[in-house]
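[1] Give me the fold of what follows.
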Amino acid sequence: DDELQTDGNRSGHFQNGELELPPTNEEVIRIIAAQLAEIGDQLDKEIQGRVVENLVQHFLNEQLSREDIALHMSRVVNELTQSIPSDMAQEKAMLVLAMVLTKKILNRVPSLLHRVYNATVNYMNQQFHDYIVEMVSAVKQ
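    Now for the predicted structure:
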């Protein structure tokens with residue numbers, strides 16, 4: 001039910017052998033995902049291993065709440081955003097950084113999938129919901 005896609009591929013659910021995605025949005029989502037994946041590949045090289053390891057330790061700490069983890073992720077994303085070229089939209093950079101960090105954490109410790117995925121989705125919904133809606137609307141036009 002909860003698939004995380006960071007490589008530009010779409011995820012969906014099958015019902016009676018058919019993928020449940022509205023056909024009008026499929027191409028829009030594919031375009032946005034491809035753009036974000038390209039930016040993510042560029043930013044991936046900038047993120048140092050110690051940043052990822054620090055996040056992994058937070059996710060491994062069972063005593064930390066979702067809110068604590070989301071707050072820490074937000075701080076890390078904000079810090080990393082300061083090293084992003086100024087010609088890139090701040091919200092886009094932060095969104096992509098959150099996705100890249102999630103991918104790096106899961107590559108490092110796959111057993112954290114559920115916890116990291118939930119924290120990332122919550123973080124993105126809280127921070128970028130309006131921006132994501134704007135991106136989809138802009139591509140549709």
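[2] list the buried ones in the longest helix anywhere in the chain?
    In the chain, taking DSSP state H as the definition, the longest helix is helix 113-140. The neighbour-count check on helix 113-140 (16 or more other Cβ atoms under 10 Å) flags 115-117, 119-120, 123-124, 127-128, 131, 135 as buried. Quick note: C-beta positions are derived from backbone N, CA and C, even for glycine.
[3] other SSEs contacting that helix?
    Contacts defined by 3 or more Cβ pairs under 8 Å, 6 or more residues apart in numbering; DSSP states H and E place helix 113-140 against helix 23-44, helix 49-60, helix 66-81, helix 90-108.
[4] In the chain, where is pLDDT below threshold?
    1-25, 85, 140-141 (pLDDT under 70).
[5] Now with 90, please.
    Where the chain drops to pLDDT under 90, the residues are 1-51, 62, 64-71, 73, 78-96, 118, 121-141.
[6] Which residue lies nearest the spatial centre of it?
    For the chain, M99 is the residue whose C-alpha lies nearest the centre (Cα atoms, centre = their mean; 2.5 Å).
[7] Please report the distance of that one from E62.
    Noted for M99: a distance of 24 Å to E62, by Cβ to Cβ, to the nearest Å.
[8] now do V28
    Per Cβ to Cβ, V28 is found 39 Å from E62.
[9] neighbour-wise, which of those two wins?
    For V28 versus E62, neighbours defined as other Cβ atoms under 10 Å are more numerous around V28 (16 against 6).
[10] Might one say that that one is in contact with V136?
    Yes - applying Cβ atoms under 8 Å as the test, V28 and V136 come out as touching, 5.7 Å apart.
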